[in-house]
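1. Can you look at this prediction? I've put the sequence above it.
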Amino acid sequence: MVTLTINGQQVTASPDKTILQVCKDLKLDTIPTLCYDEKLHPFGSCFLCVVELEGQSRLFPACSTKVGEGMKIHTRSEKVKRARKTCLELLLSDHYADCFGPCRLNCPADVDIQGYNVPHSAREIQKKQLLSSRRRIRSHQCAAGSAHASAK
């Protein structure tokens, strides 16, 4: 076991755990993630889970950084918040919303209800499509299609 400090709170943890796992297990913080999946080996590509380690000039991904003896970790410093915001902006800047969820793939009217990251003018077009097609769509069709897609 190692002793470390997370957001001013001294804790002990197994050295084979990551910062993200320790924060989650001990309910110290909810660190945002995008690429992390506990069933997979940590990839650390989205960089949304970065944390600050005292004495280090760079930030570290919490999903792939193992805890160590004497670490002093900050998960909500201004530096961390700015970095997470920048990483999310960069990820979204090159995202054209060209991926589709199960509801969209199975929607008989081919309408993207969520309108995720869509410019205002495109949302207006989608809104008109939805309004004009409302009489033709039954919500159970979308729900059945979504359930079918998630079962695959």
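-> Perfect, I can see it now. Since the model is a prediction, treat every value here as computed from it, not as a measurement.

2. Please name every helix or strand in contact with the longest helix belonging to the chain.
-> Using DSSP state H to define each element, the chain has its longest helix at helix 78-93. Helix 78-93 makes packing contacts with strand 50-53, strand 59-61 when contacts are defined by 3 or more C-beta pairs under 8 Å, 6 or more residues apart in numbering; DSSP states H and E. Quick note: C-beta positions are derived from backbone N, CA and C, even for glycine.

3. In that helix, which residues are buried?
-> 80, 83-84, 87 (16 or more other C-beta atoms under 10 Å).

4. What average pLDDT does it get?
-> The predicted model assigns helix 78-93 a mean pLDDT of 90.

5. again, but for stretch 30-46
-> Here stretch 30-46 scores 86 as its mean pLDDT.

6. Output the helices and strands packed on helix 78-93 in a markdown table, with mean neighbour count, mean pLDDT and distance to Ile31 appended to each entry.
-> Formatted as a markdown table, the helices and strands packed on helix 78-93 follow (neighbours: other C-beta atoms under 10 Å; pLDDT from 0 to 100; distance: least, C-beta to C-beta, whole Å):
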| stretch | mean neighbour count | mean pLDDT | distance to Ile31 |
| --- | --- | --- | --- |
| strand 50-53 | 22 | 97 | 7 |
| strand 59-61 | 21 | 97 | 10 |
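
7. Could I get the full set of strands for this protein?
-> Under the criterion DSSP state E, the chain contains strands at 2-6, 9-13, 50-53, 59-61, 72-74.

8. what's the domain layout of this protein?
-> If you go by automatic domain parsing, the domain ranges for the chain are 2-93, 102-151.

9. ok, Asp37 - contacts?
-> For Asp37, no residue meets the contact criterion (C-beta atoms under 8 Å, 6 or more residues apart in numbering).

10. where's it relative to Val11, distance?
-> Shown here: Asp37 relative to Val11, a distance of 24 Å by C-beta to C-beta, to the nearest Å.
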